[in-house]
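Enquirer: Sequence first, then the predicted structure, then my questions.
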Amino acid sequence: MISLGRTRPGTHAAAMGVAAFAFMLAIWHAQPTGFNNYAFLADAWKHGRNWIDFPGDFIDAMPYHGRAYVIEGPVPALLMFPIVMVFGMSANQTLLANAIGAFGVYAAYRLCDRFGLGGLESAAATLFAFFGTSFFVCATNGSVWFLGHAAAFTFSLLALCEVFGRRRAWLVAVWGLCATFSRYPMVVALPLYLLLLVERDWRRGVFESFVAPVIPAAIASALYNLNRWGTLYDGGFQMFYRIMDAQSKARPDTFSLAYVPSQLKMFFGTPPRVLASFPWVVPPYFGFSLPWTSGPFAYAIFAGLGFEAIVLWLATIATALPALLYYGSGDGQFGVRHALDFEPFLFVLLVMALRARPSRLVTYALFAFAAAGVYGGVVWLLWPQLTL
């Protein structure tokens, strides 16, 4: 059992979130994205329907029975809805992504605080969570796939903040559901959140409080699928693969063991590109592996073998499996964006390890990988011709 340290006020966490927002704005200037599927979906709801005004196949919405639908989880579109109500299709989806990135930085620092890390270690871990993963680029760019990942990452961190904070079961469930309906694979984490809550508190009402928001969310999701596809359970990704991917008929299903070798190569076997001239080392445009972007996560092995650590390892594995079995590797991306599904849980394990075994060397490594992520992410965003 982990004895949590005193929770300090969130002033530093809020300051880091604001600084992250300002940095993203300074780098990218909240350039509107052409892949603004969530704005299209919010606009469709504004007009009382689930099908969108289809601009073309390039946005990865799926034509189906004469109409087009957004297949990604609807939570980012829900967040876009009030903005679209005011600004219509001029609403800037990228600004929403920047705001979500800022909240993710806030949540990462608060998690460090929950475990009683010092200011230097908290800053290092938070900067690493932002820049030492794909989170910075995803939250800065704001396109549909990137925003979905950034939202799921942030909501997962908020759920974990509550698990290791005030432990309000209903709020843990709400944050977990927001992550799930930003990135559907995150559904596998929901029972593990409940396990963490119940193990620490067997009071009557914890289970009921957690399940209370889950039931209406599941019903709403089933009805949403039924309205679009005529089935209660298919979120659309299976049909998208078969309808939109010309090579699907010659390949296995959407999820298959056949894809594991190529995914493992992306996750662990794709290095940066080395150039013959300045800037010498650059991130490949179509992704490169976690040891190069996120090496300090390896320190998570020192988190111990307590109940909470074991459940967090289970959550890491459970949320990693869909990505390892998936037919697509992510295409254009900084690092491995699918890793953002499991990295919130790995981040908590890293924080636990830093608490159990403080290390100045690891702290400096976190800063170093964060700095490399700033460089690589900015190059990837602003000078993609160097990375191709």
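Expert: Perfect, thanks for sending it. Just so it is clear, the model here is predicted, and its values are computed rather than measured.

Enquirer: Neighbours of F307, how many?
Expert: 14 (other C-beta atoms under 10 Å). Placement of C-beta: from N, CA and C, glycine included.

Enquirer: Repeat that for the one 5 residues further on.
Expert: Using other C-beta under 10 Å as the criterion, L312 is surrounded by 24 other residues.

Enquirer: go on, D201?
Expert: 11.

Enquirer: ok, now P74?
Expert: As a burial measure, P74 scores 21 neighbours (other C-beta under 10 Å).

Enquirer: can you check G205 too?
Expert: 11.

Enquirer: Can you give me the distance of it to V198?
Expert: Distance, G205 to V198, using C-beta to C-beta, to the nearest Å: 11 Å.

Enquirer: Could you do V260 as well?
Expert: Taken as C-beta to C-beta, the span from V260 to V198 is 33 Å.

Enquirer: which residues sit in contact with N141?
Expert: For N141, the contact set (C-beta atoms under 8 Å, 6 or more residues apart in numbering) comprises W28, T33, T94, A97, L381.

Enquirer: which of those residues has the most neighbours?
Expert: Neighbour-wise, the contacts of N141 (other C-beta under 10 Å) top out at A97, 30 neighbours.

Enquirer: Please, which helix or strand holds that one?
Expert: helix 93-114 (DSSP states H and E).

Enquirer: helices and strands around that helix, which ones?
Expert: Packed against helix 93-114, as judged by 3 or more C-beta pairs under 8 Å, 6 or more residues apart in numbering; DSSP states H and E, are the following elements: helix 11-28, helix 37-46, helix 75-87, helix 119-131, helix 135-141, helix 144-163, helix 343-356.

Enquirer: Tabulate those helices (JSON lines), appending distance to Q385 and mean pLDDT.
Expert: Output for the helices and strands packed on helix 93-114, formatted as JSON lines (distance: least, C-beta to C-beta, whole Å; pLDDT from 0 to 100):
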{"stretch": "helix 11-28", "distance to Q385": "17", "mean pLDDT": "97"}
{"stretch": "helix 37-46", "distance to Q385": "26", "mean pLDDT": "97"}
{"stretch": "helix 75-87", "distance to Q385": "29", "mean pLDDT": "98"}
{"stretch": "helix 119-131", "distance to Q385": "22", "mean pLDDT": "97"}
{"stretch": "helix 135-141", "distance to Q385": "16", "mean pLDDT": "98"}
{"stretch": "helix 144-163", "distance to Q385": "20", "mean pLDDT": "98"}
{"stretch": "helix 343-356", "distance to Q385": "28", "mean pLDDT": "98"}
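
Enquirer: just the strands in the stretch 151-300 of the chain please.
Expert: 273-274, 281-282 (DSSP state E, counting those that start in this stretch).

Enquirer: Could you identify which of those strands is most buried?
Expert: strand 281-282 (a mean of 17; mean count of other C-beta atoms under 10 Å).

Enquirer: Which strands or helices does that one pack on?
Expert: When contacts are defined as 3+ C-beta pairs under 8 Å, 6+ apart, strand 281-282 sits against strand 273-274.

Enquirer: what residues does the strand it packs on touch?
Expert: For strand 273-274, the external contacting residues (C-beta under 8 Å, 6+ apart) are W280, V281, V282, P283, P284, T387.

Enquirer: Turn those residues into CSV, including distance to L171 and pLDDT.
Expert: Formatted as CSV, the contacts of strand 273-274 follow (distance: C-beta to C-beta, whole Å; pLDDT from 0 to 100):
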residue, distance to L171, pLDDT
W280, 47, 90
V281, 43, 92
V282, 42, 94
P283, 37, 96
P284, 40, 95
T387, 40, 93
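
Enquirer: Using JSON lines, lay out those together with distance to V70.
Expert: Formatted as JSON lines, the contacts of strand 273-274 follow (distance: C-beta to C-beta, whole Å):
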{"residue": "W280", "distance to V70": "40"}
{"residue": "V281", "distance to V70": "37"}
{"residue": "V282", "distance to V70": "33"}
{"residue": "P283", "distance to V70": "29"}
{"residue": "P284", "distance to V70": "29"}
{"residue": "T387", "distance to V70": "28"}
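
Enquirer: closest to F302 out of the helices and strands packed on helix 93-114?
Expert: helix 343-356 (4.0 Å; C-beta to C-beta).
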